[in-house]
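>>> quick one: sequence and predicted model below, then my questions.
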Amino acid sequence: MRKKILFVINTLGRAGAETALLEMLKCLDSPSYEISLYVIMGQGEMVGKLPDYVRVLNPKFDDHSVLSREGKRRMAGTVCRAFFRNGMPIKKIRYTAANWRDMRQRGNVQTDKLLWRMLSDGSLRFSETFDLAVAWLEGASAYYVAEHVKAVRKCAFIHIDYESAGYTREMDRGCWEEFDRIYMVSQEVREHFLAVYPEYGKKAAVFHNMVDQERIRSLASEKGGFSDGYEGARLLTVGRLTRQKAYDIAIEAMKLLKDRGVRARWYVLGEGDQRKALEKKIAALGLTEDFLLQGAVENPYPYYAQADVYIHATRFEGKSIAIQEAQTLGCAVIASDCNGNREQVEEGVDGILCGLTPESIAESIVLLLEDEKKRKALAEAAGRKRMARGQELEEFLKLLD
């Protein structure tokens with residue numbers, strides 16, 4: 001009899017965790033498994049990339065990006081429906097209000113995390129019982145699998161630095177007790193999760209992002225990439241336009257480079273809620289031709305292959321798919337010395353770790369642009385890295401035994 005596996009994720013937008021999910025699903029193409037997927041928000045442009053054998057449980061699905069204007073409008077409708085579906089409106093209001101007060105006291109109000117519990121409680125329910133239910137992300141998908149899914153076994157994946165991302169025990173309300181195994185995408189993510197939940201040490205294991213390096217190399221050889229004819233050095237960053245990714249600091253670093261007369265242009269591939277603020281800062285510093293927000297692209301890999309330096313200067317990470325992609329394509333990488341990044345980049349061997357300041361980022365860029373030999377050595381070492389795929393998947397599938 002085929003084993004029934006359910007994956008639950010918050011959205012299917014173009015981001016690292018969603019990309020990792022697609023790779024995971026491709027590895028489960030077997031007559032032994034019946035794969036189902038439920039997307040809490042029922043929305044995201046990556047739905048078209050799902051393998052044919054994945055059964056989407058959402059009766060309706062919207063392929064608008066959750067970051068587009070139309071996508072945000074439709075997302076608001078989903079939130080409203082979730083508030084009324086399954087009842088308990090007073091309970092939902094009380095929980096949201098309590099967490100809003102807590103976030104305000106900590107000086108970090110995050111709207112999405114305020115709504116995750118309500119979205120979980122207001123999502124569709126299924127009578128079907130699964131052999132394994134997988135919460136692919138923290139937040140709504142974890143709450144939903146823990147409290148509203150019938151399954152013989154349950155596991156969850158955590159992709160971020162739990163503390164830095166703003167999650168708390170009060171927000172989670174004991175949901176992790178319901179899981180048989182909790183997987184972290186890196187050892188640092190595991191350590192930070194256990195700092196909040198030390199009682200789950202025996203449940204917590206590391207499961208690295210699955211990366212199809214051959215596919216990435218193949219896509220990098222396709223047409224595309226830079227088309228502006230610029231002849232100076234090309235700097236590249238790939239990632240959502242969010243506070244976590246620290247583009248505000250990167251823009252200031254680009255200003256320092258320009259003031260020093262460095263002939264370089266910085267390109268960013270990604271979308272997010274910080275676009276307007278970043279565009280304003282770029283204009284104020286006179287960088288409209290130097291720091292370019294290119295938006296999200298279907299195939300970013302030719303850009304990696306054509307860039308002189310890849311930069312990932314973020315406030316925190318879980319484990320960055322973008323860094324793994326850059327390394328796969330032999331990029332010289334500069335990354336901020338923070339949680340997640342330092343586990344992926346070996347200082348002076350396959351990249352540079354720098355401080356998260358405009359000065360430190362700019363100095364690291366100048367160092368690599370002026371020292372071609374060092375830049376090529378780091379790039380070649382990065383290109384030799386191999387991303388593990390097999391053993392952790394085997395351990396995961398043992399949950400079905």
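Yep, it's here.
>>> the helix or strand hosting residue 191: how far from the chain's middle?
Residue 191 belongs to helix 187-196 when assigned by DSSP states H and E. In terms of C-alpha atoms, centre = their mean, to the nearest Å, the centre of helix 187-196 is set 17 Å apart from its chain centre.
>>> what packs against the helix or strand that that helix is followed by?
Following helix 187-196 in sequence order, the next helix or strand is strand 204-206 (DSSP H and E). Judged by 3 or more C-beta pairs under 8 Å, 6 or more residues apart in numbering; DSSP states H and E, the packing partners of strand 204-206 are strand 181-184, helix 187-196. All C-beta spots, glycine's among them, are computed from the backbone N, C-alpha and C.
>>> which residues does the first one contact?
Translated: strand 181-184. Contact partners of strand 181-184, identified using C-beta atoms under 8 Å, 6 or more residues apart in numbering, comprise 155-158, 176, 190, 193, 200, 203-207, 318, 396, 399.
>>> quick one: strands adjacent to that strand?
Take DSSP bridges as the rule and strand 181-184 pairs in its sheet with strand 150-158 (parallel), strand 204-206 (parallel).
>>> how about those strands in JSON lines, adding distance to residue 72 and mean pLDDT?
Converted to JSON lines, the strands paired with strand 181-184 look like this (distance: least, C-beta to C-beta, whole Å; pLDDT from 0 to 100):
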{"stretch": "strand 150-158", "distance to residue 72": "26", "mean pLDDT": "96"}
{"stretch": "strand 204-206", "distance to residue 72": "35", "mean pLDDT": "93"}
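>>> what residues sit buried inside stretch 87-94?
Of the residues in stretch 87-94, residue 92 count as buried by neighbour count, 16 or more other C-beta atoms under 10 Å.
>>> now that stretch - C-alpha only, CSV.
Listed next in CSV are the C-alpha coordinates belonging to stretch 87-94 (Å, rounded to 0.1, in the frame of the first residue of the first chain):
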residue,chain,number,x,y,z
GLY,A,87,-15.7,29.8,14.2
MET,A,88,-13.9,31.0,17.3
PRO,A,89,-13.6,34.7,16.3
ILE,A,90,-13.2,35.9,19.9
LYS,A,91,-10.4,33.4,20.5
LYS,A,92,-8.6,34.5,17.4
ILE,A,93,-8.9,38.1,18.3
ARG,A,94,-7.6,37.5,21.9
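>>> which residues touch that stretch?
The set of residues external to stretch 87-94 that reach it, using C-beta under 8 Å, 6+ apart, is 83, 117-118, 121-122.
>>> mind redoing it with 10 Å?
Residues outside stretch 87-94 that contact it (C-beta atoms under 10 Å, 6 or more residues apart in numbering): 82-84, 86, 95, 115, 117-122.
>>> of the residues you listed, which belong to helices?
Mapping these onto helices (DSSP state H) picks out 82-84, 95, 115, 117-121.
>>> give me the buried entries from these.
If we count by 16+ other C-beta under 10 Å, these have these buried: 82-83, 95, 115, 117-121.
>>> tell me which of those has the lowest pLDDT.
Least confident entry in those, by pLDDT: residue 95, with 68.
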